[in-house]
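**Student:** Provided below for reference: sequence and predicted model.
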Amino acid sequence: MSKIITVLLVLAMVLHLFKPLGLPGLRRRRDFWKIAIIAFAVWTVALLLREAG
């Protein structure tokens, strides 16, 4: 499951380079790095929740 999410996030980053997604904060092509930061934050929270539970 985590591999699928990783592939989807990489695809979103590549697609954003060609055509910006238009979401708030993601309106320019150079904002693709923000997708990686969001993904890392979500991954960190998921890991912490899994270890705590």
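**Tutor:** Now that the structure is in, tell me what you want to look at.
**Student:** how many neighbours does Leu15 have?
**Tutor:** Look at Leu15: counted by other Cβ atoms under 10 Å, it has 13 neighbours. No exception for glycine: its C-beta is placed from N, CA and C like everyone else's.
**Student:** CA atoms of the longest helix seen in the chain as CSV?
**Tutor:** Longest helix of the chain, by residue count under DSSP state H: helix 32-52. Below are the C-alpha coordinates for helix 32-52, written out as CSV (Å, rounded to 0.1, in the frame of the first residue of the first chain):
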residue,chain,number,x,y,z
PHE,A,32,6.4,20.8,-7.0
TRP,A,33,8.8,20.5,-4.0
LYS,A,34,5.9,21.3,-1.7
ILE,A,35,4.2,18.0,-2.6
ALA,A,36,7.4,16.2,-1.3
ILE,A,37,7.3,18.2,1.9
ILE,A,38,3.6,17.4,2.5
ALA,A,39,4.2,13.7,1.7
PHE,A,40,7.2,13.6,4.2
ALA,A,41,5.0,15.2,6.9
VAL,A,42,2.2,12.7,6.3
TRP,A,43,4.6,9.8,6.3
THR,A,44,6.2,10.9,9.5
VAL,A,45,2.8,11.3,11.3
ALA,A,46,1.8,7.8,10.0
LEU,A,47,5.0,6.3,11.3
LEU,A,48,4.7,7.9,14.7
LEU,A,49,1.1,6.7,15.0
ARG,A,50,2.0,3.2,14.0
GLU,A,51,4.8,3.1,16.6
ALA,A,52,2.7,4.6,19.4
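**Student:** what's that helix packed up against?
**Tutor:** Taking 3 or more Cβ pairs under 8 Å, 6 or more residues apart in numbering; DSSP states H and E as contact, the helices and strands that helix 32-52 lies on are helix 2-18.
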